[in-house]
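Sequence and computational prediction follow.
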Amino acid sequence: MECKNPAPCPSLMERKVVSSADGMSIYSPPYKGGAGGGSTGAVFLLSLALCLVAVLAQAQTFDDDFDGRTLRLDYVFAGTATEQHVFFEHAYATPQWAGRRAHLTDVPLRGNGQIALYDHQTGRQLFVHTFSTLFQEWLATEEATRVAKAFQASYNVPMPRRTVDVSVTLTDFHDSIVARLQHTIDPADALIRQLGPNGIPHYYIYKGGALTDAFADADLAGCIDVAIVAEGYTKADMPKFRGDCQRTVDALFAHEPFASLKHRFNVVCVAAPSLASGPSVPQQRRWNLTPAATHYDTFYSDRYLMTQDMHRLYDLLCDVPFEQVIVLVNSDIYGGGGIYNQLNVFPADHPTFPQVLVHEFGHGYAGLGDEYFYDDQYATMYPADTEPWEPNLTTLVDFASKWADMLPTGTAVPTPPSTDVPNYRHIRTDQERQRLNEATQRVGVFEGGGYQSHGVYRPAQECRMKINEVEHFCPVCTRAIQRITEFYTSVK
């Protein structure tokens with residue numbers, strides 16, 4: 001990560017990672033040196049030695065600890081609004097690792113959960129990955145107050161060369177740990193199931209900035225690997241699926257900053273057939289047998305299109321190197337969903353397809369929060385005493401860590417909305433549409449976001465994370481996408 005302080009070796013001396021008793025990462029305080037004039041030379045030599053040791057430690061490569069395969073770990077998260085648990089289910093191995101090979105113990109965003117690997121003998125942290133889950137969203141519903149439910153989760157981590165301790169933690173909306181599981185994985189364990197081809201056709205539609213032939217190897221290390229899974233497409237629908245995949249790529253890379261970052265992505269299409277065309281729509285009493293088992297009406301919200309069957313989804317992808325998942329649903333009904341480092345779901349045929357695609361991918365890939373507000377949620381997801389982890393939302397508890405550096409001098413906090421910005425529901429002229437789009441580029445601290453009209457603030461009056469009627473992300477969301485892309489693709 002970028003070193004921003006002028007002190008010698010701050011990123012090495014100040015960020016020594018040790019494992020804590022609860023399995024989370026702890027950063028030890030920086031060495032401050034001794035007292036007395038006679039110790040100056042010794043302090044300098046000790047500081048130099050610490051820097052050299054840290055440099056050698058950081059020089060340790062991915063290949064020292066991992067063998068290049070993927071270890072898939074399946075879990076069940078279960079409980080109620082007042083009590084949550086994590087259960088380990090299965091371990092699998094697949095031949096290729098598509099994830100990052102640098103910044104292995106750093107995290108770009110906190111998320112609502114973490115999975116970390118520690119060397120079993122030394123306790124040294126080897127890898128950490130953060131995420132959010134549908135289970136944690138469900139905990140904010142009324143149903144969670146009266147019934148216990150279980151939700152699936154699957155995570156890919158690099159296959160370790162030696163025995164590791166795995167720590168899985170879930171946090172609540174106050175960023176407090178509410179559930180934890182620690183277990184050991186021996187890579188030589190005979191019960192780690194070796195997965196191979198599953199017979200589902202897949203093909204690359206985009207490779208690292210250029211469409212190449214199907215037999216060329218994709219750059220798995222230098223690019224972010226996105227898998228598009230067919231949902232609600234029969235075998236006869238597969239030509240349509242291929243065309244819809246191309247529309248997905250075109251729509252994603254038509255929007256900045258993805259357009260400028262397109263060379264850092266691979267996109268592979270997974271042609272999993274359904275027995276019947278179309279989606280499952282429970283309120284219409286329509287249930288189709290589809291590969292990923294997505295459906296509308298998640299949490300009884302008609303437009304929330306999602307799946308709870310993460311193990312089933314990962315089974316579809318056992319022969320595909322991937323980091324991000326898009327489930328493309330053969331539907332013209334409005335809806336969708338995106339969960340950070342879990343998955344993105346949207347319909348292929350609704351007129352707002354390009355806008356919904358980019359919005360949901362903003363959630364699932366970059367961890368961006370929703371900037372709209374209805375004040376209709378059962379529980380408060382962004383309490384006033386906790387700074388949200390999403391880069392485009394703040395409660396002003398720690399605004400300095402968000403976009404304070406992007407705020408023009410003299411900007412009022414909170415920032416009053418401009419009366420020159422037209423209501424997006426009543427755009428009548430090109431001039432009004434232009435003024436609406438211009439509002440996305442003026443950075444401020446506007447009250448309303450994260451489903452709450454009060455106490456949560458967003459960076460711009462309008463943005464792609466707020467409404468479909470504008471063309472652009474605001475500068476804060478743009479920077480967040482750029483930063484997370486740099487994190488996953490730099491220093492491979």
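Thanks, I have the structure now.

show me where the stretch 101-250 of the chain has helices.
For the stretch 101-250 of the chain, applying DSSP state H, counting those that start in this stretch gives helices covering 134-138, 238-252.

mind listing what's buried in the longest one?
Looking back up the chat, that one is helix 238-252. 238, 240-242, 244-245, 247-249, 251-252 (16 or more other C-beta atoms under 10 Å). Glycine gets a C-beta too; all of them are placed from N, C-alpha and C.

Now do stretch 465-472: distance from first to last residue.
9 Å (C-alpha to C-alpha, to the nearest Å).

in the stretch 251-400 of the chain, which spans are strands?
265-270, 324-329, 337-339, 343-347 (DSSP state E, counting those that start in this stretch).

Can you spell out which helices and strands pack onto the third one?
I take that to be strand 337-339. Identification of packing neighbours for strand 337-339 by 3 or more C-beta pairs under 8 Å, 6 or more residues apart in numbering; DSSP states H and E yields strand 343-347, helix 353-366.

now the stretch 151-300 of the chain, which segments are flagged as low pLDDT?
209-221 (pLDDT under 70).

residues touching Gln355, list them.
Contact partners of Gln355, counting by C-beta atoms under 8 Å, 6 or more residues apart in numbering, are 464, 468.

If we use 6 Å, what do you get?
Asn468 (C-beta atoms under 6 Å, 6 or more residues apart in numbering).

what's the longest strand in this structure?
strand 66-79 (DSSP state E).

Check which strands are paired with whichever helix or strand comes after that strand and give the direction for each one.
Going down the chain from strand 66-79, the next helix or strand is strand 84-94, by DSSP states H and E. Next to strand 84-94 in the sheet, as set by DSSP bridges, lie strand 66-79 (antiparallel), strand 193-194 (parallel).

Show me which positions of strand 84-94 end up buried.
Buried residues in strand 84-94 (16+ other C-beta under 10 Å): 84-86, 91-94.

my read: Phe127 touches Leu104, true?
Yes - at 4.9 Å, Phe127 counts as touching Leu104 under the criterion of C-beta atoms under 6 Å.

Which one's more surrounded, these two?
Between Phe127 and Leu104, counted using other C-beta atoms under 10 Å, Phe127 has the larger neighbour count: 21 against 18.

Could I get the contacting residues of the more buried one?
Phe127 neighbours (C-beta under 6 Å, 6+ apart): 104, 117, 157.

repeat for Glu432
So Glu432 contacts Pro422 (C-beta under 6 Å, 6+ apart).

Give the helix, strand or coil label for it.
helix (DSSP: H, G, I helix; E, B strand; the rest coil).

what about Met381, distance to His202?
36 Å (C-beta to C-beta, to the nearest Å).

cool, and Ala188?
30 Å.

When those two are compared, which one has more neighbours?
Between Ala188 and His202, counting by other C-beta under 10 Å, His202 is the more crowded of the two (20 against 8).

what pairs with the nearest residue to the more buried one once chain neighbours are set aside across the strands?
Closest residue to His202 apart from its sequence neighbours, by C-beta to C-beta, 6 or more residues apart in numbering: Val270 at 4.7 Å. Val270 forms beta bridges with His202, Val229, as assigned by DSSP bridges.

Hmm, Val270 is touching Val229, no?
Yes - taking contacts as C-beta under 6 Å, Val270 lies within contact range of Val229: 4.7 Å.

which SS state does Val456 fall under?
Per three-state DSSP, Val456 ends up strand.

any idea how far the closest residue in space to Tyr314 that isn't next to it in sequence lies from Ala293?
Leaving aside its sequence neighbours, Tyr314 sits nearest to Ser154 (C-beta to C-beta, 6+ apart; 4.2 Å). Ser154 sits 14 Å away from Ala293, going by C-beta to C-beta.

swap in Gly68?
With C-beta to C-beta as the criterion, Gly68 and Ala293 are 31 Å apart.

one step back: any idea which of the helices of the stretch 101-250 of the chain gets closest to Thr415?
helix 134-138 (28.8 Å; C-beta to C-beta).
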